[in-house]
Structures are given as C-alpha cells and as structure tokens.
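1. here is my input, please return the structure:
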Amino acid sequence: MRRRLFLQVYLTLLGIIVLFGVLAAIGWWLTYDERPRAELRRSIGVLLAEALPPAGAPRPEVDAALARLSGDLDARVTVFAADGGLLGSLGPPLAAPEELSSGGRAGRDHAFALPLPDGRLVLVHPEHDTPHTKAIGFLAALAALALAVAIGAWPLARRLARRLERLQTRVEALGAGDLAVRVEVEGRDEIAALARSFNRAAERIQALVEAQRETLAAASHELRSPLARIRMAVELLAENGDPALRARIERDVEELDELIEEILLASRLNTLERPAHRERIDLHALAAEEAARAGAGFAGEPATVAGEGRLLARLIRNLLDNAARHAPGSPAEVALEVRDSRAILRVSDRGPGVPEDERERLFEPFYRRPGMKEGEDRGVGLGLYLVRQIARRHGGEIACRPREGGGASFEVSLPVAEQ
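-> From the prediction side, this is the model:
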C-alpha cells in the first residue's frame, strides 16, 4: 500500500506536466499563423527575381544563375514559366505543382512555391529541417521534458510518501500496544499537523490507560484488605459457628480473590505487549503436568514455544477448568501436535457442546452462556477471555470447534520456537 501511494503521487505529478506540454503543443499547432511565412516567401521571390536572368533567358543561363546561388541555398530549386514550362533547376527538377499560383506548400514532397513578380514560379525543396524532422524534434523535446520532470518530481514524491510511511509505522506500533510511541513533526504542512494530532492522541491514550491501571491496582488492593478480615472472621467461627455457613463464606472469598486476580491479569494482557521475559518452554511437559493435575488424559508430540511459562500454564489450566465445569462426569482430553511450524494444543470435553453462533462469544469478557446461573457456575466469564489474550500475547490464536461424537474442543495454535 505504501508503494502504491508513492507511485500515485509521483505519476500524478509527472502526468500533469506532460499533459500540460501536450496541450501547449496542440494549442500552438492550431493557432499558428501561416500568413507571416507567406509574406516572407513573397519577399524572397522578389529577391530571387533580382538574382535570376529575365523571363525570356534560355535555360543554361537560368541554371548558371542557380548554380551561383547554390553556395547560399541548401535546397533543390526549380524555376517554372508562367505557363508551367521548365526554365531551369538546381539539382534534379521538381514536379510542377497543380496550381502555380499557390503561395504555400506545393505537393507532398514538402516543396515551397515562391511566386516571382513576372509570373514565374520557383519551387524550393529544403534538404534539411523538413516538417518530418521538425516533428521528430518536437517529440524528442517532449520526451526530454518528461524525463526532466520525472527526475525532478521523484524526490518530492518520495519525501512525501516516506513521511506518510513513518506515520503509518507509528500508528501500527500504537495499535500493537506501544503507548510511548510518538511521531517526529517535520515541517508545517498538513502532514505535520496530522503528526501533531497523532502525538496528542497518543499522549491522551497513554494517560488514560495508565490512570485506569493505577485505579484498578488501587481498587484491587482495597478489596484484598476486607478479604483478609473476612478470612480472619471465618477462622474465628471454626469452633462455634455454623460449618455450612463457614464453608459458603470461604467459597465466596476464594471466588472473589480469584476474580481480583483475573481482572488484574486481564488488565495487564490488554496492552497486547509481547512477553517481557521470553524463554523456551517445553509445551509437551507443561501440558502433561497440567493434565495430570486435573486428572485429564494427555497424548502428544514434543513441542517447544517461546514465552512466559506461568502464563502458558494458566492458559492450559483455564481450559481444563472450563472442561471440568461443563463436563463434570467425564475427564477432559489434552492433545498436542506440531503442524506447519505451529504447535496445536487441543483440550476436548464431552459436555453439551457449544452452538455455532456462540463459539466466538465465549471469548468475550464476563460472558455467560444462556442457562448458566450465578452461584451454580463458579466461573465469572474471564477464563476463556484470558486464554485468548495469553495466546495472542504469544503470537497465537484460539478457536472453539465441535468434537466428533459430542462435546467441544478448544484448539490453541502457537508458533514453534526457533532452534
């Protein structure tokens, strides 16, 4: 796209100049007045009448006079009488014109008729500078003009396109999560104004995101303080309190604590930044460990990816917890394979499955499927959302697909680490 923009600007400038040259040439051709040249030919005819012998002179005398003029004329010259008879010539005789009284071109051979005062007619055929050579010269001049414009317009168009390319690069970096990116302001034109607007918008976005992070961190800290007090109160109820009530309070506290942790993790992953500490992760061993912890089956081939082991473990754990909630009667199945330089991690269950129109919505934050009631389903709608964010943070993606024989299968694709 960048190259197309540069070529559009460059070719537009070039086309405008060339079009101007063509229109100017056409205008000159249509408005050129032949009358001054006709007057000039008549004047030359008067001078030739002075140099040539009288009308009744024999041909040898006329040829001798033309020979004397040959040093000053680079042309073929033929003299005709008033009745069309040949009187003499310099070089091979030219064909007589159809109309001896014409004052312009005399035939297709580009000869010019010069009428003499005594009625004779002189045809002159220039050996050089014919209209054909003039046309070639005009086309050559037009080509030279186009070449000069092409060379002159190149740096202008390239400079304009390069500034737009730099601006596009900064916009893409901002969209990728680099909130500190800024554009260098060059000049005082519209592109410079656009760069200043981008910088102001980037500063505003960075300030808003940082304020949101600080607010979220402060709110999470304030929530954990009453949680600690609730836990202490629950412990005091251990001996004399209602065991059922104590168990319910402990479960609610655990869910609230998990919710706070997931909200904080989601806030950090929303920036779409690459992992700060990338390391080589044995995904085969990690998936086998998490599957054994959850009592799920595992089968797969070795695969190594680059990223954060803690986040990838969280990804697998969230998928296994999701399978356990929706298919409590059957263990999940974990499979790992390498295909086209991608590690494919698949977690499948034998639950009720997911309708096609809901498969994408499962990865939205705080989304609950219809029929799921709060309190019965321990999930808060952030588990699968975090899975997608973690996968994208590592250059991958996740999709929900139907499982053959019933149930759902969540497929995560991650790039394999380079050797």
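2. in stretch 384-396, what counts as buried?
-> By neighbour count on 16 or more other C-beta atoms under 10 Å, the buried set for stretch 384-396 is 384-391, 393-394, 396. C-beta coordinates here come from the backbone N, C-alpha and C atoms, glycine included.
3. need those in CSV (columns: distance to residue 287 and pLDDT).
-> Converted to CSV, the buried residues of stretch 384-396 look like this (distance: C-beta to C-beta, whole Å; pLDDT from 0 to 100):
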residue, distance to residue 287, pLDDT
384, 17, 88
385, 21, 86
386, 17, 87
387, 14, 90
388, 18, 90
389, 19, 87
390, 14, 90
391, 14, 91
393, 18, 86
394, 14, 88
396, 14, 92
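4. so which of those sit within strands?
-> Residues of these located in strands (DSSP state E): none.
5. nearest to residue 212, of those?
-> residue 389 (16.0 Å; C-beta to C-beta).
6. need the contact list for the closest residue to that closest one other than its chain neighbours.
-> Closest residue to residue 389 apart from its sequence neighbours, by C-beta to C-beta, 6 or more residues apart in numbering: residue 269 at 3.9 Å. By C-beta atoms under 8 Å, 6 or more residues apart in numbering, the residues touching residue 269 are 386, 389-390, 393.
7. which parts of the stretch 251-400 of the chain are helices?
-> Remark: helices assigned in the stretch 251-400 of the chain by DSSP state H, counting those that start in this stretch are 283-294, 309-326, 383-393.
8. which of the residues in the second one are buried?
-> Right, helix 309-326. Quick answer for helix 309-326 (16+ other C-beta under 10 Å): 309, 311-316, 318-320, 322-324, 326.
9. which other residues reach that helix?
-> Identification of contacts with helix 309-326 by C-beta under 8 Å, 6+ apart yields 265, 275, 279, 281, 283, 286-287, 289-291, 293-294, 296, 305, 332, 334, 345, 347-349, 351-352, 377-379, 383-384, 386-387, 390-391, 393-394, 408, 410, 412.
10. quick one, it and helix 283-294 angle?
-> Put simply, helix 309-326 runs at 40 degrees to helix 283-294, going by axes from the mean of the first three to the mean of the last three C-alpha atoms, to 10 degrees.
11. any idea how far helix 309-326 is from the chain center?
-> Centre-to-centre, helix 309-326 and its host chain are 39 Å apart (C-alpha atoms, centre = their mean, to the nearest Å).
12. just the buried residues of helix 309-326 now: which is nearest residue 232?
-> For the buried residues of helix 309-326, the nearest to residue 232 is residue 314 (28.5 Å; C-beta to C-beta).
13. and the longest helix for the protein?
-> helix 190-236 (DSSP state H).
14. so for it, mean pLDDT?
-> Mean pLDDT, computed over helix 190-236, is 75.
15. list the contacts of residue 350.
-> Going by C-beta under 8 Å, 6+ apart, residue 350 touches 327, 329-330, 403, 405-407.
16. now these: which count as buried?
-> Burial by neighbour count, 16+ other C-beta under 10 Å: within these this picks out 327, 403, 407.
17. of these, closest to residue 22?
-> Nearest to residue 22 among the buried ones among the contacts of residue 350, with distances taken as C-beta to C-beta, is residue 403, at 68.9 Å.
18. quick one, phi/psi of the closest residue to the closest one other than its chain neighbours?
-> Distances taken as C-beta to C-beta, 6+ apart place residue 409 nearest to residue 403, at 4.4 Å, with adjacent residues excluded. Phi and psi for residue 409, reported as degrees, to the nearest 10, are phi -130, psi 120.
19. per-residue pLDDT, residue 409?
-> Note on residue 409: pLDDT of 93.
20. would you confirm that it contacts residue 347?
-> Yes: counting by C-beta atoms under 8 Å, residue 409 does reach residue 347; the two are 7.2 Å apart.
21. of those two, which one has the most company?
-> residue 347 (28 against 20; other C-beta atoms under 10 Å).
22. ok, that one - contacts?
-> Residue 347 neighbours (C-beta under 8 Å, 6+ apart): 296, 316, 319-320, 323, 332-334, 409-410, 412.
23. before we move on, what about residue 384?
-> Residues near residue 384 by C-beta under 8 Å, 6+ apart: 318-319, 322, 362-363, 398, 410.
24. again with residue 279
-> Contacts of residue 279 (C-beta under 8 Å, 6+ apart): 306-309.
25. which one of these is nearest to residue 78?
-> Distances from residue 78 to these, taken by C-beta to C-beta, are shortest for residue 306, at 92.3 Å.
26. with adjacent residues omitted, what lies nearest to that closest one?
-> Of all residues not flanking residue 306 in the chain, residue 417 sits nearest, at 4.2 Å (C-beta to C-beta, 6+ apart).
27. test my guess that the one you found contacts residue 305.
-> Yes: if you go by C-beta under 8 Å, residue 417 and residue 305 touch, sitting 5.3 Å apart.
28. what residues do these two have in common as contacts?
-> 280-281.
29. per-residue confidence for the residue of the chain most remote from its centre?
-> Using C-alpha atoms, centre = their mean, the residue of the chain lying farthest from its centre is residue 56. It sits 82.8 Å away. For residue 56, the pLDDT comes out at 75.
30. do residue 280 as well
-> Confidence at residue 280, expressed as pLDDT, is 91.
31. ditto for residue 38
-> You'll see residue 38 listed with a pLDDT of 59.
32. do the one 10 residues further on as well
-> Note on residue 48: pLDDT of 71.
33. ok, now the one 5 residues further on?
-> Confidence per residue is given as pLDDT, and for residue 53 that number is 81.
34. that one and residue 62 touch, don't they?
-> Yes: here residue 53 reaches residue 62: they are 6.0 Å apart, a contact under C-beta under 8 Å.
35. doesn't the residue farthest from the centre of the chain fall inside a strand?
-> No: counting by DSSP: H, G, I helix; E, B strand; the rest coil, residue 56 falls outside a strand, being coil.
36. domain-wise, how is this protein divided?
-> With domains defined by automatic domain parsing, the chain comprises 33-128, 190-269, 279-415.
37. and the next helix or strand past the least confident helix or strand in the chain by mean pLDDT?
-> The least trusted helix or strand in the chain, going by mean pLDDT, DSSP states H and E, turns out to be helix 35-51, with a mean of 64. Of the helices and strands lying after helix 35-51 in sequence (DSSP states H and E), the nearest is helix 59-69.
38. other residues contacting the following helix or strand past that following helix?
-> Downstream of helix 59-69, the first helix or strand assigned by DSSP H and E is strand 75-80. Under the contact criterion C-beta under 8 Å, 6+ apart, strand 75-80 has outside partners 52, 62, 66, 69, 86-94, 96, 100, 111, 120-127.
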